[in-house]
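A.B. asks: sequence and predicted structure below; questions after.
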Amino acid sequence: MDLTTTYMGLQLKNPLVPSASPLSKDLGNIKRMEDAGAAAVVMYSLFEEQIVHEQRELDHFLSQGTESFQEAMSYFPETADYNLGPDEYLEHIRAAKAATNIPIIGSLNGVSAGGWLEYAKKIEEAGADGLELNVYYIPTNANYKSDEIESIYVDDLRRVKDAIKIPVAMKLSPYFSTMANMAKKLDEAGADALVMFNRFYQPDFDLEQLEVVPAVNLSTSSEGRLPLRWIAILYGNIKASMAATTGVHTHLDALKMLMAGADVTMMCSALLEKGPQHLGVVLNDLQRWMEEKEYVSIAQMKGSMSQRSVAEPAAFERANYMKALNSWKVTV
């Protein structure tokens, strides 16, 4: 059975890739993920704030909207409380490359081009096989127009692509007004891959202390429907590879993403819950399912349930919305 796939130009032994998470802070965990069957590992993110916290361009983005309140600065941890610092991050990539035989993909998380360019080069020099740009930006300023927001992503991508030679993936938010057009713009700007989608962590209220508190909730399989839909729509319409992230917990979740058109399926929450060894469970179950259904390769199934391949392509659009609502039956 041929489980190989190609992602952002990298030849991978199978389509299971751990996404950026705290697990990759520990070299032992990276090796355990490789032993369990990981085809590549995306390192945890190096944050822009770690690189250029005082830079004027970054301050411009961080001072928009509600974040202009002085109290908001207390949300930023002290430098010592971050993940490993920039120099340690580079050493960690070197160590991961030396200890494993799978591609190691660096991850930069930020907004402005700023320090990204310098550290994109350094991550490449440290031996990373690829780089994922995670543009985590919530536009709270009502004066910003949609094209201005979109240009942030496209401009960041172009600058980094011009600076390095390793492949670059863009990790996207699903909240663009025209998702298909945004994907096309990034594809045309040279993205080697699109990662769908970033999960914006939502704050909560502590009603006893009357404070806004950060809240981190792990994903569930049902959250995979959003990337599933857009990967199925985009398959065959862009050249860039596509990675499905959010909601991949089981072999069935992974299979659905592959049939939609994903080149790889990325896992985070399931591994945080069940440990690196869960990758092996998913991989074995995926192989068993393919044998039972007589699939001989990942290539055979990839995109087979995409919008361009199914008998009713309107199922991904408005027609299915009406059908779904009308099919609901009240049982009480």
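C.D. replies: Nice, I can see it.

A.B. asks: ok, the nearest residue to residue 9 once chain neighbours are set aside - contacts?
C.D. replies: Residue nearest to residue 9 in three dimensions, not counting chain neighbours: residue 167, with 4.8 Å by CB to CB, 6 or more residues apart in numbering. The C-beta positions use only the backbone N, C-alpha and C, and glycine is treated the same way. Applying CB atoms under 8 Å, 6 or more residues apart in numbering, one finds that residue 167 lies in contact with 8-10, 129-131, 192-193.

A.B. asks: what separates residue 167 from residue 314, distance-wise?
C.D. replies: 34 Å (CB to CB, to the nearest Å).

A.B. asks: same deal with residue 135?
C.D. replies: Counting by CB to CB - residue 135 and residue 314 are separated by 32 Å.

A.B. asks: more crowded one of the two?
C.D. replies: Taking other CB atoms under 10 Å, residue 135 and residue 314 do not tie; residue 135 has more neighbours (21 against 11).

A.B. asks: just grab the bridge partners of the more buried one for me.
C.D. replies: residue 110 (DSSP bridges).

A.B. asks: hang on, isn't it packed against residue 108?
C.D. replies: No - applying CB atoms under 8 Å as the test, residue 135 and residue 108 come out as separate, 9.2 Å apart.

A.B. asks: re the thing from before, buried ones among the contacts of residue 167?
C.D. replies: The neighbour count (16 or more other CB atoms under 10 Å) marks 8, 10, 129-131, 192-193 as buried among the contacts of residue 167.

A.B. asks: taking these one by one, which sit in strands?
C.D. replies: Under the assignment DSSP state E, these contribute 10, 130-131, 193 to strands.

A.B. asks: got the residues you listed as TSV, with pLDDT columns?
C.D. replies: What follows is those, written out as TSV (pLDDT from 0 to 100):
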residue	pLDDT
10	98
130	98
131	98
193	98
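
A.B. asks: now do the strands in the stretch 151-300 of the chain.
C.D. replies: Counting by DSSP state E, counting those that start in this stretch, the stretch 151-300 of the chain has strands at residues 168-172, 193-196, 204-206, 211-213, 241-245, 264-267.

A.B. asks: what pLDDT is listed against the residue nearest to residue 234 when sequence neighbours are not counted?
C.D. replies: Spatial nearest neighbour of residue 234, chain neighbours left out: residue 183 (5.4 Å); criterion: CB to CB, 6+ apart. Note on residue 183: pLDDT of 97.

A.B. asks: hang on, the earlier thing: ok, of the ones in strands among the buried ones among the contacts of residue 167, which one's closest to residue 212?
C.D. replies: Nearest to residue 212 out of those is residue 131 (CB to CB; 32.8 Å).

A.B. asks: ok, that closest one to residue 29 distance?
C.D. replies: Remark: distance between residue 131 and residue 29 (CB to CB) = 21 Å.
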